[in-house]
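# what's the 3D shape of this:
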Amino acid sequence: MNVGIIIPHSEGEEMRTNFRNAAQQGFRHCQLVSWNPVYWTKENAEEVRALSSEFGVEITAFWCGWEGPKFWNFTEGPETLGIVPVAFRAKRIQNLIDGAAYARLLDIADVVTHMGFIPENLSDPLWPGVVAGVKIIAMDLKRHGQNLLFETGQETPVVLLRLIEEVGTGNMFINLDPANLILYGKGNPIDSLDVFGNLVRGVHAKDGLYPTNGHDLGEEVKVGAGKVNFPLFLRKLKECGYDGSLTIEREITGDQQIKDIVETQQYLNDLIGQL
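Presented below is the predicted three-dimensional model:
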């Protein structure tokens with residue numbers, strides 16, 4: 001295993017600064033995150049490839065966002081996130097197909113996204129459309145030798161496994177964000193590996209606390225300060241055969257974010273050394 005970092009997509013000097021900062025902090029792996037299709041051009045791909053090479057930071061996956069409203073909560077979330085809402089589904093399917101095409105320009109095989117609040121009830125009228133939409137995306141990626149990775153969060157592990165089984169294209173995997181399972185109250189990340197451990201192809205190093213009421217998400221916290229139990233989590237990942245990146249994600253800004261990332265990097269490297 002290795003420790004990576006999130007690099008947000010931008011352009012010009014800002015993009016150079018993002019890669020330079022990652023390299024100066026000792027990172028050699030990253031996930032490139034982009035929510036803006038305007039950036040997905042051949043010219044920008046050439047720039048990003050050059051920066052990745054210059055600074056020695058390998059891009060392990062392209063985290064592909066989509067257009068339209070998004071609310072990361074229990075109220076507006078089900079109606080706005082991913083391809084589940086019918087009103088945004090067609091546009092976002094195209095966003096993900098376009099993002100995958102951009103990832104190919106970067107020689108990136110793994111495309112990660114949030115699909116939204118995947119229906120838990122097989123009789124839910126939204127279920128067939130979600131399955132069909134995911135299949136369109138997954139088949140397009142498969143034709144081009146790419147993988148579709150679902151980031152955990154808004155669904156239980158078994159629901160995510162069910163969707164992957166139902167679509168059945170063979171190129172669908174999981175980007176396991178252990179904190180998201182906790183923040184949404186959807187499961188214990190260590191136990192989730194008993195459900196889909198063989199499908200984990202990416203991991204976000206993020207921590208959090210469970211919800212304390214029925215209306216609000218739990219609180220995201222620095223790695224090691226939450227409920228993930230990273231020593232046990234990494235041991236279980238290793239038992240499942242995972243040997244990829246632990247991509248640090250700290251969802252705050254400013255000096256505290258930088259401080260937390262640096263400390264998390266050392267903490268994770270120490271844990272990896274003990275495996």
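
# the helices in the stretch 51-200 of the chain, which residues?
Assigned by DSSP state H, counting those that start in this stretch, the stretch 51-200 of the chain shows helices spanning 77-80, 86-105, 127-143, 157-167, 178-183, 189-196.

# wait, which of those helices is closest to residue 29?
Among the helices of the stretch 51-200 of the chain, the nearest to residue 29 by C-beta to C-beta is helix 86-105 (15.8 Å). Yep, even glycine has a C-beta here, placed from its N, CA and C like the rest.

# In that closest one, which residues are buried?
Of all the residues in helix 86-105, those buried under the rule 16 or more other C-beta atoms under 10 Å are 88-89, 92-93, 95-97, 99-105.

# just stretch 197-205 next, same as before
In stretch 197-205, counting by 16+ other C-beta under 10 Å, buried: 197, 199-205.

# out of the helices of the stretch 51-200 of the chain, nearest to residue 28?
Among these, the nearest to residue 28 by C-beta to C-beta is helix 86-105 (19.5 Å).

# Can you give the contact residues for the closest one?
34, 37, 39-42, 45-46, 49, 62, 64-69, 80, 82-83, 109-111, 113, 126, 129, 133, 136-137, 140-141, 144, 146 (C-beta atoms under 8 Å, 6 or more residues apart in numbering).

# average pLDDT across it?
On average, the pLDDT along helix 86-105 is 98.

# how much does that helix deviate in direction from helix 127-143?
Here helix 86-105 runs at an angle of 10 degrees relative to helix 127-143 (axes from the mean of the first three to the mean of the last three C-alpha atoms, to 10 degrees).

# the strands in the stretch 151-275 of the chain, which residues?
172-176, 200-205, 207-208, 220-221, 245-248 (DSSP state E, counting those that start in this stretch).

# where in the chain is pLDDT low?
For the chain, no stretch is flagged by pLDDT under 70.

# And the strands of the stretch 151-275 of the chain: which comes nearest residue 228?
Minimum separation from residue 228 across those (C-beta to C-beta) falls at strand 207-208, 4.9 Å.

# Check which helices and strands that closest one is in contact with.
Applying 3 or more C-beta pairs under 8 Å, 6 or more residues apart in numbering; DSSP states H and E, we find strand 207-208 packed against helix 178-183, strand 220-221.

# Quickly compare those and say which is most buried.
helix 178-183 (a mean of 27; mean count of other C-beta atoms under 10 Å).

# Give me the distance from that one to the chain's centre.
With C-alpha atoms, centre = their mean, to the nearest Å as the basis, helix 178-183 stands 12 Å off its chain's centre.

# and of the strands of the stretch 151-275 of the chain, who's closest to residue 254?
strand 220-221 (14.8 Å).

# Spell out which strands sit alongside that closest one in the sheet and which way each one runs.
Strand pairing for strand 220-221, determined by DSSP bridges: strand 207-208 (antiparallel).

# residues making contact with the strand it pairs with?
Applying C-beta under 8 Å, 6+ apart, the contact partners of strand 207-208 are 178-180, 182-183, 218-228, 230.

# and the helices and strands packed on strand 207-208 as TSV, adding distance to residue 5?
Formatted as TSV, those follow (distance: least, C-beta to C-beta, whole Å):
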stretch	distance to residue 5
helix 178-183	16
strand 220-221	16
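
# nearest to residue 167, of those?
Taking the helices and strands packed on strand 207-208 one by one with C-beta to C-beta, helix 178-183 is closest: 20.9 Å.

# Packing partners of the closest one?
Applying 3+ C-beta pairs under 8 Å, 6+ apart, we find helix 178-183 packed against helix 189-196, strand 200-205, strand 207-208.
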